[in-house]
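[1] please find the sequence and the predicted model below.
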Amino acid sequence: MYAKAGPGASAGVAEAQNKLEEMLLLLASLIKKGHRNMIKKVSLLLIAFFIAGLSMAFGQPQDAKSPELRSKKSQNTLGLSLGLHHSQNQDLLFSPLTYDGQSLLAIELFYQRRSQKGLHLLRVAFDRMSVESTGPLTFPFFDAPITRQSSTASFLNLKYGYAREAMHNEKMNLLIGGMLDNQIHLLEYKFAEYEEEGYLLAYSLAIWLRGEFRINQTQSLNFETSFPVVYFLSRPPYAIVDNEGIQSNNGFTHVHGRGKLHALSGFTKLHLLLSYNRSLSSKLDLLLAYQFDYIRATEPLKLSVVKNGFDLGVAFKF
């Protein structure tokens, strides 16, 4: 069913796998240590790998591509998934406490188009959950610790990606490209009778890597990772002051007016996706996925978000 690649392609795939392993080890070290030097090293590694992969993708002969990309007929896929997501947030603009919660209402819709020119992917995801502080507040003038009310966290993510196939053999495809990754995080913190509105807007251009591993004719494993290199970032400078600004002005214009353009500093995001696909028929696939997101912003004060999610979905091919 799949065309076999020559010895040169197999050696190239092995080399790509080794580089991917090195990249993931560096990313794991980054999350554990949080050093700025590590951020720069990982970014430079991804950029170098991205440039090398693009040169291979655009220079690859037609007969070395996978059957899906060699076909003159485009393949379209429309998918829908629902999942259980867990989030842990800490925003020092509002509180030193960590808030966590989980949602059963995470929903994602995606459209994918494969052709000889490459892979296009459009993905929209929404998640809303109730989050609570992991520890109580203690004050010397109160007899008992105080527990804050539940707050609400909402996540909206819109992605568009384009990738070209860099390597292919009978068991694996490796694609590399770019992604526009736009996300809005809204956090409504409740303090007794008061409610403060926190937000994170991040519109980024990211490096996108995707690996597709075929188990057999009906089953496959897919791996994706992305890392932003240029982004527009907006966060409130002060909680109460910005809350009044949002309520007294046009909220959309006010929030975007505070944004700044960055490159490889002030913001870190790592996205990992591992999915299992099983073909139920020529038109329908079953999807099981795990995804991990790590987000960290440093201006004006530290914000960190860690999300884990398990999703179940279906995909229709036409």
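    Structure's in. What do you need?
[2] okay, now the unreliable bits of this structure?
    Scanning the chain for pLDDT under 70 picks out 1-72, 135-149, 190-195, 238-254, 257.
[3] got the residue ranges for the strands in it?
    For the chain, the strands defined by DSSP state E occupy 75-91, 99-115, 118-133, 151-168, 172-191, 194-214, 219-234, 260-263, 267-279, 284-297, 303-317.
[4] got CSV for those, with mean neighbour count too?
    Using the backbone N, CA and C atoms, a C-beta is placed for each residue, glycine as well. As requested, those are exported to CSV (neighbours: other Cβ atoms under 10 Å):
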stretch, mean neighbour count
strand 75-91, 18
strand 99-115, 17
strand 118-133, 18
strand 151-168, 20
strand 172-191, 20
strand 194-214, 19
strand 219-234, 18
strand 260-263, 12
strand 267-279, 18
strand 284-297, 17
strand 303-317, 17
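[5] and the contacts of stretch 294-308?
    With contacts defined as Cβ atoms under 8 Å, 6 or more residues apart in numbering, stretch 294-308 is touched by 31, 34, 85-93, 155, 185, 200, 202, 233, 235, 237-238, 266-270, 290-293.
[6] list the contacts for residue 122?
    110-112, 159-160.
[7] just give me the closest of those residues to residue 170.
    Nearest to residue 170 out of the contacts of residue 122 is residue 112 (Cβ to Cβ; 21.9 Å).
[8] against residue 303, how distant is that closest one?
    32 Å (Cβ to Cβ, to the nearest Å).
[9] residue 179 too?
    22 Å.
[10] residue 91 bridge partners, please.
    residue 303 (DSSP bridges).
[11] quick check: beta-bridge partners of residue 285?
    residue 279, residue 315.
[12] residue numbering should commence at 4 henceforth.
    Done: numbering now begins at 4, and the last item shifts to residue 288.
[13] was I right to think residue 98 contacts residue 199?
    No. Using Cβ atoms under 8 Å, residue 98 is not in contact with residue 199, being 9.6 Å away.
[14] what's the overlap in contacts for those two?
    Shared contacts of residue 98 and residue 199, counting by Cβ under 8 Å, 6+ apart, come down to residue 192.
[15] tell me if I'm right that residue 166 and residue 122 touch.
    Yes. Counting by Cβ under 8 Å, residue 166 does reach residue 122; the two are 4.7 Å apart.
[16] now do the shared contacts for these two.
    If you check residue 166 and residue 122 against Cβ under 8 Å, 6+ apart, the residues they both contact are 178, 180, 213.
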